[in-house]
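Undergrad: What follows is a predicted structure for the sequence shown.
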Amino acid sequence: MSFSSQVKSELLEVIPKSTHCRLAELAAMESLLGKMRKKMKIP
């Protein structure tokens, strides 16, 4: 397993406990989804 794959795998296992961390992660996912929708021209 490559180093980057290992790091990604480890990051997926981390669940933030603080509310502000959870909100930041949610905001990042929502931002990414918005960018993907815009690029794919999905309403």
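TA: Okay, I see it.

Undergrad: contacts and neighbour counts: CA atoms only from here.
TA: Fine.

Undergrad: Quick check: longest helix in this protein by residues?
TA: helix 19-40 (DSSP state H).

Undergrad: What is the distance between that helix and the centre of its chain?
TA: Centre-to-centre, helix 19-40 and its host chain are 7 Å apart (CA atoms, centre = their mean, to the nearest Å).

Undergrad: Need the residues that contact it.
TA: 16, 43 (CA atoms under 8 Å, 6 or more residues apart in numbering).

Undergrad: give me that answer again for 10 Å
TA: Residues from elsewhere that reach helix 19-40 (CA atoms under 10 Å, 6 or more residues apart in numbering): 15-16, 41-43.

Undergrad: could those residues be laid out in a markdown table, adding secondary structure, distance to Glu25 and pLDDT?
TA: Shown next, in a markdown table, are those (DSSP: H, G, I helix; E, B strand; the rest coil; distance: CA to CA, whole Å; pLDDT from 0 to 100):
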| residue | secondary structure | distance to Glu25 | pLDDT |
| --- | --- | --- | --- |
| Ile15 | coil | 10 | 85 |
| Pro16 | coil | 9 | 86 |
| Lys41 | coil | 24 | 84 |
| Ile42 | coil | 23 | 78 |
| Pro43 | coil | 23 | 71 |
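
Undergrad: among the residues you listed, who's most crowded?
TA: Pro16 (12 neighbours; other CA atoms under 10 Å).

Undergrad: Lowest-scoring secondary structure element of this structure by mean pLDDT?
TA: helix 3-13 (a mean of 90; mean pLDDT, DSSP states H and E).

Undergrad: Keeping just the C-alphas, turn that one into PDB.
TA: This file holds the C-alpha atoms of helix 3-13, laid out as PDB (Å, rounded to 0.1, in the frame of the first residue of the first chain):
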ATOM      1  CA  PHE A   3       2.000   6.100   1.600                       C
ATOM      2  CA  SER A   4      -0.800   8.300   0.300                       C
ATOM      3  CA  SER A   5      -3.300   5.400   0.300                       C
ATOM      4  CA  GLN A   6      -2.300   4.600   3.900                       C
ATOM      5  CA  VAL A   7      -2.800   8.200   5.000                       C
ATOM      6  CA  LYS A   8      -6.200   8.500   3.300                       C
ATOM      7  CA  SER A   9      -7.200   5.200   4.900                       C
ATOM      8  CA  GLU A  10      -6.200   6.500   8.300                       C
ATOM      9  CA  LEU A  11      -8.000   9.800   7.900                       C
ATOM     10  CA  LEU A  12     -11.200   8.000   7.000                       C
ATOM     11  CA  GLU A  13     -11.100   6.300  10.400                       C
END
